[in-house]
Every structure is written in structure tokens, then in C-alpha cells.
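> turn this into a model:
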Amino acid sequence: MVCVLEDVIGRYGEKLVLWQGEKRVVFRGFLQHSRSKSLQNMERIYGPLGEIPGGRFLLMAPMHVAISVGDIIEQKNRTFTVQRIETVTVKDREVYRWGLCTERSVDP
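Sure, this is the predicted structure:
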């Protein structure tokens, strides 16, 4: 199962850049906007590409990428801060990293 997930992430994930201080790590993963069952989502207030302003983003990354809370992730021209990161296990095997990120504001 680990190999299958790594293959899916490698084939279909997008290029992301992880910054840990001055250290830069390029990897492939998924960073998608999260949609929860909040009132804001029920009202269908969507921005570009289904994004809900001020929302959270879910991260799926391979196990070989050591991500920590507070790390910075770049996706194209956007920057995110990792708020939460966990390892998902299946039958005692670590299969991928799951995270919750928030977009960093850009100064005008």
C-alpha cells in the first residue's frame, strides 16, 4: 500500500517546496482547499477555484519528507504555514503524512 500511495503522489501530486529555515526541499504532494461543514461553506461563498476565503488547506505528502509544525510550504505563487502534521498508519505501517495549513498573507 505504501508503494501504491507513493506512486500516486509521485505521478499526480504537484511540485511543492518545503522551507525549514534556510533548508529547501522540493517534493510532490497534494495541497487542496478544505471544505468543512461550517455555515460559511453552507452559504456557498466561493472564490477562485472553489476556494473559501480565509480557509484551511489539506496537505498530503510522502513519508520521506520530514515536515514539522511551523514549516513553510510554497505552491506556485502562494505560501502556506503548516499548522498541524500527522503520520497516517495502516496496519502498523506509516503510509503518508497528513497536514493542515493556512495561507500566509502577502504584504501589499
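> was I right to think Leu58 contacts Gln32?
Yes: with contact taken as C-beta atoms under 8 Å, Leu58 and Gln32 are classed as touching, separated by 5.4 Å. C-beta coordinates here come from the backbone N, C-alpha and C atoms, glycine included.
> the protein: strands as residue ranges?
With DSSP state E applied, the chain shows strands at 14-20, 23-33, 56-61, 72-75, 78-90, 93-103, listed in chain order.
> and for the shortest one, what's in contact with it?
So the one you mean is strand 72-75. Contacts made with strand 72-75 from outside it, assessed by C-beta atoms under 8 Å, 6 or more residues apart in numbering, are listed as 14, 16-20, 31, 59, 67, 79-82, 101, 104.
> avg pLDDT for stretch 21-30?
Averaging pLDDT along stretch 21-30 gives 94.
> in it, what counts as buried?
27-30 (16 or more other C-beta atoms under 10 Å).
> repeat for stretch 77-91
Buried, per 16+ other C-beta under 10 Å, within stretch 77-91: 79-80, 82, 85.
> for that stretch, give the mean pLDDT please.
Within the predicted structure, the mean pLDDT of stretch 77-91 is 92.
> ok, and what's touching it?
Identification of contacts with stretch 77-91 by C-beta under 8 Å, 6+ apart yields 1, 31, 56-57, 59, 63, 67-74, 94-104, 106.
> 7 Å instead?
Residues from elsewhere that reach stretch 77-91 (C-beta atoms under 7 Å, 6 or more residues apart in numbering): 1, 31, 57, 67-73, 94-104.
> filter these down to the buried ones.
31, 57, 67, 71-73, 95-97, 99-101, 103.
> what two of those are the furthest from one another?
When C-beta to C-beta is used, the two most widely separated members of these are Val95 and Glu103, lying 26.6 Å apart.
> all good on my end, thank you.
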